[in-house]
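>>> Prediction below, plus the sequence it came from.
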Amino acid sequence: MAAPTAQRLRPVNRRSPLLRRHARLLPVLPAVLLLLVFLVGPVLWAFHASFTNAALTGRNARSPGWVGFENYQRLVADPVLPLSLLLTIIFVGGSAILGQNLLGLAIAILMRRARRAVAAVVGTAVVAAWVLPEIVAAFAAYAYFSRDGTLNQVLAGLGLGQPDWLYSFPMVAIMLANIWRGTAFSMLVYRAALDDVPGEVTEAALMDGAGGWQRLAYITLPMIRGSIATNLMLITLQTLAVFTLIWVMTAGGPANASTTLPVLAYQEAFKFGDIGYGTAVASVLILIGLVFGAAYVRLLRESER
Amino acid sequence: MRRQAYGIMSLIAAAAMALTACSPAAPQSENKTLKVVYQKTDSFSALDTLFQSAKKEFEAAHQGVTVALEPIQANDDDYGTKLALALRSPSTAPDIFYEDTFKVRSDVDAGYLLKLDPHLEGWKDWDSFDDGAKAAGLGDDGGTYAVPLGTDTRAIWYNKKVFAAAGVSVPWEPRTWQDILDTARKIKASNPAVVPFNMYAGKATGEGTVMQSFYELLYGTGSELYDAGAKKWVLGSQGFTDSLAFLKTLYDEKLAVSPAEALDSNVWKKVFGEWLPQGKMGATVEGSYTPSFWQKGGSYEWPEYGQDMGVTAFPTQNGQAPGGVSMSGGWTLALGAGTKDPGLAFDFLATALNQKNSLAFNIASSQIAVRKDVAADSGYQAANPFVKDVSKLVAVTHYRPATADYPRISAAVQEATEAVITGARSPEQAAADYDTAVKSIVGDAKTVAK
């Protein structure tokens, strides 16, 4: 009985997985096309432009020419590049990998133990910064850190010194602003991840006599390491690209002391009209993003095993 | 393998998301629509008024033609960038636009601007434009590509009350740089809370740093930025170092604002809006358009400015001829190279710049008139108490080199001033840094040591 049925079905079975697989891709097609047109397209364009002397004005705007690696040679010799790279690493490391990530994790853990009302208030306060459009958040941060800003008013009230944050400590100011703005994202990711840690495992550890820190280090963190890797990847890429915040607060100054790569790329491409050189900086930024991303993807794959 | 590919794809996507922040404007392809792009800000609405009235006038005279006004709300730098981006593509390029004089030549090189000579021949008003001002619209080929709206000069604006309180006799007429320092020190000694003499410095104030500060110094030393005859940039001049040293003295002795204040891009708003009107600043170097901020309807109305403020020419280093220095810029109207109906677009330009509209604009924005019939108008001459004083400075004024490299050179100058006032470099070091920067921008062959 079974054999004929199987025989009758076989041709259908042979065709359907293929068909099904292709049909399944149909709904994603528009999204993929949009990605190709609006994301991959500009990236490829930027790579291409970085090998030309395209400009916003002047003779090169009319007929940009192919200059090979000239922009990259200039970039390597540019004294601003090492500074800018270093500032970008400090900015990403300090405000994303350490700041947003650890603070987000801490808040998420504490919120599980806090009273409902406290958790709600804290959650709202943290998420509020995330909800603000970037330009609004940037102005708020500027108003907070500026010479006569809120922070200095408070410090004056306490009888403390009033440093000019945006001038004397521009990196500190923009990193604090970025932590303030971005912590909500890490917090939300970690809250969701912590909710997925089964209670029995934690309980079992408790029974075995593990203390709070031990449970965190040996149970909770290993169990959410997938989320940690994902979160790190997303906030790293986001922070690498932060531009509005820095531009509004310090515009890369004083004396390039807060010129991260996106600010440098913008200055070169739009302020000086040198699109070829600006896109070369942007290409370096993309490459750094790719390296970070590839590292995290590896981390993710290992954590899934 | 495939998963990795997706991972990398998504990474590229994420990275790209970071770098694609601009969206193209909607194309406009109607035949009888003229697109006009210009700048409008909270403190600069005179141009908007001009175009609104020109639009009304023009549409009444040309049935079926719509003038689409598209103001860009941005500062000078960002306006220039947005305009250049719009000009890059024929589908977004405006028909008529507001163009800074120092960008005319490089934008002509870029092929953005329409040559106006055939249209100017038939325009009788063209004869009433000042010949010197006409030069602002010239391209490298000698053709005219833009028509000036007005020009400006720079001078020292000082608060007579602050000066009198410190025992300085007014009217004040400094002859040398030393006179400035002496007076500033006197004011500082009599009232340490007052900023005696401000000059902009650093990158935050952009072109303001060079136009309203550094070039007044440099061109008063007998040196210059660019040798227009030889088409070479001047390096290693004593004048350059001296100018930086003067700024250093001003900032080190706290005769100007603090470096932190100078490096805030909003500092000029405080100068106009708070410090000068409230008597907290003795003097500053600013443009002839200064009264536009204080007159009725300006952003920082100050009814008494006519009596309280005085204006005087910026002196040369040691009082050498011609005894004063000024810088001029100014803006023009130009037509897009790809405009569909050049005749119609030029008609609109002619309407916008006719005697009536020019007069109203020059008065509202305190510009120095470039039309002789406007300059002779009694309404213009009485527009503010300083028209005569600042117009006189046209005799000692200088223009920026209008080459495509200029924005970069200007940035290098701004960087030098920033390094000096923050104490990061000595004037000699900063000047050497500038020389290196210029060489790397234009190449050794296009520089000359003087």
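Great, that's in hand.

>>> Could you report the distance from the nearest residue to B:S426 once chain neighbours are set aside to B:V210?
Closest residue in space to B:S426, ignoring its immediate chain neighbours: B:V420 at 7.5 Å, by C-beta to C-beta, 6 or more residues apart in numbering or on different chains. C-beta here means a position set from N, CA and C on the backbone, and glycine is covered the same way. To B:V210, B:V420 is 14 Å away according to C-beta to C-beta, to the nearest Å.

>>> Which one's more surrounded, the two?
B:V420 (28 against 24; other C-beta atoms under 10 Å in any protein chain shown).

>>> Give me the secondary structure label for that one.
Of the three states, B:V420 takes helix under DSSP: H, G, I helix; E, B strand; the rest coil.

>>> count of residues packed around B:P259?
21.

>>> Any figure for the gap between B:N75 and chain A?
For B:N75, the distance to chain A equals 11 Å [C-beta to the nearest C-beta, to the nearest Å].

>>> Now do the contacts for that residue.
Neighbour list for B:N75: B:41, B:206 [criterion: C-beta atoms under 8 Å, 6 or more residues apart in numbering or on different chains].

>>> Output the below-cut-off pLDDT ranges for the chain.
Unless you meant another one, I'm taking chain A. Residues of chain A meeting the criterion pLDDT under 70: A:1-15, A:303-305.

>>> nope, chain B
B:1-31.

>>> and the most centrally placed residue in it, what does it touch?
Compute the mean C-alpha point of chain B, and by C-alpha atoms, centre = their mean the closest residue is B:G329, 5.5 Å away. Contacts for B:G329 (C-beta under 8 Å, 6+ apart) come out as B:100-102, B:151-152, B:207, B:211, B:399-400.

>>> For chain A, see how far away it is.
Distance from B:G329 to chain A, by C-beta to the nearest C-beta: 17 Å.

>>> Now that residue: phi and psi?
B:G329 adopts backbone torsions of phi -130, psi -130, taken as degrees, to the nearest 10.

>>> Between its first and last residues, what's the separation in stretch B:321-332?
31 Å (C-alpha to C-alpha, to the nearest Å).

>>> Identify each buried residue in that stretch, please.
B:324-332 (16 or more other C-beta atoms under 10 Å in any protein chain shown).

>>> ok so, going back, can you lay out the contacts of B:G329 as TSV showing secondary structure and distance to chain A?
Shown next, in TSV, are those (DSSP: H, G, I helix; E, B strand; the rest coil; distance: C-beta to the nearest C-beta, whole Å):
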residue	secondary structure	distance to chain A
B:D100	strand	11
B:T101	helix	14
B:F102	helix	11
B:T151	strand	22
B:D152	coil	22
B:E207	helix	11
B:M211	helix	16
B:Y399	strand	18
B:R400	coil	15
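
>>> nearest to A:Q153, of these?
For these, the minimum distance to A:Q153 (C-beta to C-beta) is 33.0 Å, reached by B:E207.

>>> For the closest one, list the residues it contacts.
Counting by C-beta under 8 Å, 6+ apart, B:E207 has contacts B:76-77, B:329, B:410.

>>> Now with 7 Å, please.
By C-beta atoms under 7 Å, 6 or more residues apart in numbering or on different chains, the contact set of B:E207 is B:76, B:410.

>>> now it: how far from B:R371?
From B:E207 over to B:R371 (counting by C-beta to C-beta), the distance is 25 Å.

>>> Repeat that for B:E121.
18 Å.

>>> who has more neighbours, these two?
The neighbour comparison of B:E121 against B:R371 (other C-beta under 10 Å) goes to B:R371, with 25 against 8.

>>> what number of residues lie near the residue of the stretch 251-400 of chain B found nearest chain A?
Nearest residue of the stretch 251-400 of chain B to chain A: B:A260, at 3.8 Å (C-beta to the nearest C-beta). Look at B:A260: counted by other C-beta under 10 Å, it has 17 neighbours.

>>> Now do the contacts for it.
By C-beta under 7 Å, 6+ apart, the residues touching B:A260 are A:147, A:164, A:167.

>>> now those as CSV including neighbour count?
Below are the contacts of B:A260 laid out as CSV (neighbours: other C-beta atoms under 10 Å in any protein chain shown):
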residue, neighbour count
A:R147, 15
A:D164, 21
A:Y167, 23
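
>>> wait, which of those is closest to B:A146?
A:Y167 (38.8 Å).

>>> Quick check: that closest one is in a strand.
No - the assignment for A:Y167 (three-state DSSP) gives helix, which keeps it out of a strand.

>>> Just the residues contacting stretch B:376-390, thanks.
Stretch B:376-390 is contacted by residues B:153, B:155, B:288, B:291, B:295, B:306, B:311, B:359, B:362-363, B:366, B:368-369, B:374 when judged by C-beta under 7 Å, 6+ apart.

>>> Around chain B, pick out the residues from chain A.
A:35, A:38-40, A:42-43, A:46, A:56-59, A:61-62, A:147, A:164, A:167, A:237, A:240-241, A:251, A:253-255, A:270-273, A:282, A:286, A:289-290, A:293-294, A:297 (C-beta under 7 Å from any C-beta of the partner chain).

>>> which residues in the stretch 351-450 of chain B form helices?
B:355-364, B:372-375, B:378-381, B:387-392, B:406-421, B:427-442 (DSSP state H, counting those that start in this stretch).

>>> With respect to burial, which of these scores highest?
Greatest average neighbour count among the helices of the stretch 351-450 of chain B goes to helix B:406-421 (a mean of 24), per mean count of other C-beta atoms under 10 Å in any protein chain shown.

>>> Report the inter-axis angle for that helix versus helix B:427-442.
In terms of direction (axes from the mean of the first three to the mean of the last three C-alpha atoms, to 10 degrees), helix B:406-421 departs from helix B:427-442 by 160 degrees.

>>> Helix B:406-421 - contacts with which helices or strands?
For helix B:406-421, the packing partners by 3 or more C-beta pairs under 7 Å, 6 or more residues apart in numbering or on different chains; DSSP states H and E come out as helix B:207-209, helix B:238-252, helix B:427-442.

>>> and the last one with chain A, contact?
Pointing back at helix B:427-442 there. No - contact of helix B:427-442 with chain A is not found when judged by C-beta under 7 Å from any C-beta; the minimum separation is 7.9 Å.

>>> How far off centre is the helix ranked longest in chain A?
Ranked by number of residues, the top helix in chain A under DSSP state H is helix A:275-304. With C-alpha atoms, centre = their mean, to the nearest Å as the basis, helix A:275-304 stands 11 Å off its chain's centre.

>>> same check, this time on stretch B:82-96
21 Å.

>>> What are the buried residues along it?
Across stretch B:82-96, burial judged by 16+ other C-beta under 10 Å covers B:82-88, B:92-96.

>>> Among those residues, which are located in helices?
Going by DSSP H, the helices hold B:82-88 from the buried residues of stretch B:82-96.

>>> ok, so of the residues you listed, who is nearest B:L113?
For these, the nearest to B:L113 is B:L87 (8.7 Å; C-beta to C-beta).

>>> who's in contact with that closest one?
B:93, B:112, B:336.

>>> Swap in 6 Å and give it another go.
B:93, B:112 (C-beta atoms under 6 Å, 6 or more residues apart in numbering or on different chains).

>>> Equivalent analysis for the one 3 residues further on, please.
The neighbourhood of B:P90, defined by C-beta under 6 Å, 6+ apart, consists of B:G338.

>>> now swap in B:K82 and tell me
Counting by C-beta under 6 Å, 6+ apart, B:K82 makes contact with B:I72.

>>> if I look at it, how far off is B:A166?
Taking C-beta to C-beta as the measure, B:K82 falls 44 Å from B:A166.

>>> Same question for A:A156.
Distance, A:A156 to B:A166, by C-beta to C-beta: 29 Å.

>>> Who has more neighbours out of the two?
Here A:A156 and B:A166 are set side by side on neighbour count (other C-beta under 10 Å), and the busier one is B:A166, at 19 against 12.

>>> Filter the contacts of stretch B:376-390 down to the buried ones, ChimeraX style.
In ChimeraX syntax, the buried subset of the contacts of stretch B:376-390 is picked out as below (16+ other C-beta under 10 Å):
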select /B:153,155,288,291,295,311,359,362,363,366,368,369,374
